[in-house]
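Visitor: Below is the structure, and that's it, no one-letter string:
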């Protein structure tokens, strides 16, 4: 991590905005007077990254970061990690509950040379509570390690040197990225477990592929060949079946067409009421003419009345003048009281403003006292919460139950695995025997086919006799219907001949019934003015009635004959089908067993063998499940032991910060006991501290409640005063507005009535306008009545016209239904004439269609027999290979044959695939066993008591060698640094090379040793760390240089210069002028009565 630019605004001493530009500042110094804010710059950098500062002593004490009189502050840091540039920012805000961090964000700049302006493109990495965790992941350092290795703050410079071995080991392994090796070990163990499970699964899969043999593949190939021949046969026979079916459909369509035409022609009859409709239409048109003339007269009277009203004066100005005269009198009476009320309201507002100012001053004093009490309570609450959490954490450490019983349960689980394996082997043997017996039994399909054929034979024989008798009866019924139809047609012809003779005899009377008023006479071609009364010709009427009766009788006889023919054809088809089915079943039973009892006994034997095989398979699955459960239980006990060790580590690791003792995981009970005893002692000490802090907190709560009550009272008083001001302001504004309103309205009304008519003149004009308006209303009512009469007459005409049009549409629609049958054109003179012509043609066409019906029925019967023969031949081919097809045989037979062939091919391919799969599974099994061996060995080597300990020891040796060399330079050759049992020691050459603890060094000597170790850590870490570990690209030193003599200071200065000449940034905070003068970049920090500021200077 290398800073690029730091921006502070409202942070601690920097009340105003201050920017620190670290560009080209690989080696810099912060100088300034004591208290100017030098250390605050390093604090701001740390706060931007982690949201807290070491000297605040607690992560939540962020109130120290906000300038005392500021309500909002911000810190933003632009920094580089490797070749990538990031921007991090945090805001501090003061609220009623205290100071809080808001709007924290971490962003990556897409351009690594960007300066973090608002126009730079960025990618959000984290926001708010997720920022600190993202920074720790990005830098590879948690907050505590950052403060011990990168930022060395005042009072904590020697923490890493004096840290306990366990704490130093944790820091060092974190810096080295040793977690990478832990992850590798855990993943290796996980991969070994997965490889072992995969090997077991593959072994089971290999056992399940034992049925994939060469004999099974040969049998599948033979079945595939059989179905290939079936597909060829189906391809030859389906076209013949489709041709026969097409011919049958054509015969049926022809029969249906004749029936539909006959029914359609029989329905064409002349409707009633056509002549009455024409007469009513002509009368309605005359009524409409008279109503139009009355409406025109009423419209003339109405227009004259409206012209007289239009000549009168306009009503609106007269009415407005009367209203303005009345309102002016009201305004003159209300204006003086409103002006007096406005003056009184202004006086009350002045008094309320004075009272509100005094209440606000008292409220600010109470708020300040309340905030001080709240801050005190928050500080003490945090301390009580911390001690409470520590006591709870220590008290929760207890020795778990069941450690002694763990070994006994492990042995019992191993015995259960052995028993389950034996039961599994026995179940497998039983399942193999059951499958062998089932394979030796005869095939189920041929037996079931014989049972079905015997049953079908009995059913066909039972149904043949009733069908034969029913067909005989239907043939006789059809012959009788044919005779009745011929007799009815002869009677109808006789009736029509009689009617024609009557028409010739009474031709004039017959023509009279066809006359229509307004149309031409068919004899003289002159318009008929009035239709004469019908002539009395009873013979002609009787002849018409007789013809209608005979034609209806013909229609009924034809319907009966058609129904009888259809029934006879259907029964003939059913009888032929039954006979053919009987012959087919008899042929298929040739050479097959026909004893139904023996066949069913064979099926029962096969059912018992299949049930035994299913039961054996079920037993095998249960035995395998029991074996898997026993193995899982045994593994779970191994997991219990590992879980006990993990629980011990999980219980101890959070207590390392409290000085938890080391434990031996080999002796789980002893380790748990030692840890629980230590935790109990620590909990007792912290309870004593907790009681003292709770007492102080109670006192602070009392003071806070008192301050809060005083603030609430002052707040209520201020609120009441402000409400009084608001009420007085509103009242004054309303009163002033009312007075001004009356004044303005008086002026407006006085100007309005100056040129308007007087009250008496306006009243007389309005009375004359009312009289003219009443006359207009009377004439308008008369006009509306006349218009309504005309509209009613027009509606009647329109209704009758619509009926005439509908009659024509009905006639044309009836003709459209038979236009395909050669319907004639219709005469246009009247609807009645058109209907008469269409009805006569329909009667003649119906007689012509009846003659072709017998030939069509014969063709339909022949087509049915041909189609059924082709279908039976194709069904036989399918049944010979055990296939049955429902529905349309021509459509489904090819698909059924192709599906059977595809299934046979798939079965052959499946067997070949399973044989190849067995070979592949064997290869995967060998690889899984090899993977298990390799991963298990790697996981063992990377356990925490092997590789990490060696890595930490090697890193510590490297650090001590470099630090010892630097310490010799800094101490003039007096000291060397070494370590023993994890503790740092010094070799004092001035005291006969004695070895003593670093804790015995003086303040200046301690600084020398700490600086040497910090510089060695910064130098060596990048070469020792794993990929992805922390990179210490920067180091910031904030104390200690004043304890060095001139010679040592010279050595320190040279050492820092050499360090900065590499790829690291070195920052120093010092009061020592000699050291500051040697550093190339100087940041001068100054402070005035308001704020601190910082300025960059070149040395």
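Guide: Good, I have the coordinates. Everything numeric here is computed off the predicted structure, so don't read it as measured data.
Visitor: For stretch 226-233, what is the distance to the chain centroid?
Guide: 52 Å (CA atoms, centre = their mean, to the nearest Å).
Visitor: tell me the domain ranges of the chain?
Guide: 274-311+760-817, 338-386+667-753, 444-513+532-597 (automatic domain parsing).
Visitor: will you turn these into TSV that also has mean pLDDT and mean neighbour count?
Guide: To be clear about C-beta, it is placed using only N, CA and C from the backbone, and glycine gets the same treatment. Converted to TSV, the domains of the chain look like this (pLDDT from 0 to 100; neighbours: other CB atoms under 10 Å):
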stretch	mean pLDDT	mean neighbour count
domain 274-311+760-817	81	14
domain 338-386+667-753	82	15
domain 444-513+532-597	78	15
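Visitor: Of all the ones you listed, which one comes closest to residue 11?
Guide: Counting by CB to CB, residue 11 lies closest to domain 338-386+667-753 out of those; the figure is 18.4 Å.
Visitor: hang on, the earlier thing: select, out of the domains of the chain, the one closest to residue 58.
Guide: When the domains of the chain are compared (using CB to CB), the closest one is domain 338-386+667-753, at 6.1 Å.
Visitor: ok, back up a step: present the domains of the chain as CSV; the columns should include distance to residue 910.
Guide: As requested, those are exported to CSV (distance: least, CB to CB, whole Å):
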stretch, distance to residue 910
domain 274-311+760-817, 62
domain 338-386+667-753, 54
domain 444-513+532-597, 20
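Visitor: Where does pLDDT dip in the stretch 1-150 of the chain?
Guide: 148 (pLDDT under 70).
Visitor: all helices in it, in order from the N-terminus.
Guide: Remark: helices assigned in the stretch 1-150 of the chain by DSSP state H, counting those that start in this stretch are 38-50, 131-139, 143-149.
Visitor: The stretch 251-400 of the chain too?
Guide: 274-310, 315-395.
Visitor: quick one, which of the helices of the stretch 1-150 of the chain is packed in tightest?
Guide: Of all those, helix 38-50 has the most neighbours on average by mean count of other CB atoms under 10 Å, namely a mean of 25.
Visitor: now that one against helix 131-139, angle please.
Guide: 90 degrees (axes from the mean of the first three to the mean of the last three CA atoms, to 10 degrees).
Visitor: now what about helix 38-50, what contacts it?
Guide: With contact meaning CB atoms under 8 Å, 6 or more residues apart in numbering, helix 38-50 is reached by 1, 3, 6, 8, 11-14, 20, 30-32, 52-55, 65, 75-77, 88-90, 132, 135, 139, 143, 146-147, 151, 153-154, 1036, 1038, 1067, 1069, 1083, 1085, 1092, 1094.
Visitor: correct me, but residue 1017 touches residue 149?
Guide: Yes: if you go by CB atoms under 8 Å, residue 1017 and residue 149 touch, sitting 6.0 Å apart.
Visitor: Report whether the expected contact of residue 72 with residue 99 is present.
Guide: No: the pair residue 72 / residue 99 is not scored as a contact, 9.9 Å apart, by CB under 8 Å.
Visitor: where along the stretch 451-600 of the chain do the helices fall?
Guide: Under DSSP H, counting those that start in this stretch, the stretch 451-600 of the chain gives helices at 507-512, 538-588, 596-652.
Visitor: For residue 821, which of those helices is the nearest?
Guide: Distance to residue 821, taken as CB to CB, is lowest for helix 538-588 among these, at 17.1 Å.
Visitor: if we can go back for a sec, nearest to residue 95, out of the helices of the stretch 251-400 of the chain?
Guide: So among the helices of the stretch 251-400 of the chain, helix 315-395 is nearest, using CB to CB, at 10.9 Å.
Visitor: Skip ahead from the closest one and say which helix or strand is next.
Guide: helix 405-440 (DSSP states H and E).
Visitor: helices or strands up against that following helix?
Guide: helix 596-652 (3 or more CB pairs under 8 Å, 6 or more residues apart in numbering; DSSP states H and E).
Visitor: what helices or strands is the helix it packs on leaning on?
Guide: Helix 596-652 packs on helix 405-440, helix 444-505, helix 668-753, going by 3+ CB pairs under 8 Å, 6+ apart.
Visitor: can you rerun that using 10 Å?
Guide: helix 179-208, helix 405-440, helix 444-505, helix 668-753 (3 or more CB pairs under 10 Å, 6 or more residues apart in numbering; DSSP states H and E).
Visitor: how far is that helix from where the chain is centred?
Guide: 39 Å.
Visitor: Next: stretch 1002-1015.
Guide: From the chain centre to the centre of stretch 1002-1015 is a distance of 61 Å (CA atoms, centre = their mean).
Visitor: Repeat that for stretch 955-975.
Guide: 63 Å.
Visitor: what is the mean pLDDT for it?
Guide: For stretch 955-975, the mean per-residue pLDDT is 82.
Visitor: oh, and call the first residue 38 from now on, that's how I've got it
Guide: Yes, from this point I'll number from 38; that puts the last item at stretch 992-1012.
Visitor: Would you mind listing the buried residues in that stretch?
Guide: Across stretch 992-1012, burial judged by 16 or more other CB atoms under 10 Å covers 992-993, 996-997, 999-1001, 1003-1008, 1011-1012.
Visitor: of all the helices of the stretch 288-437 of the chain, which lies closest to residue 554?
Guide: In terms of CB to CB, the element of the helices of the stretch 288-437 of the chain nearest to residue 554 is helix 311-347, at 6.6 Å.
Visitor: which two from the buried residues of stretch 992-1012 end up farthest apart in space?
Guide: 992 and 1011 (26.0 Å).
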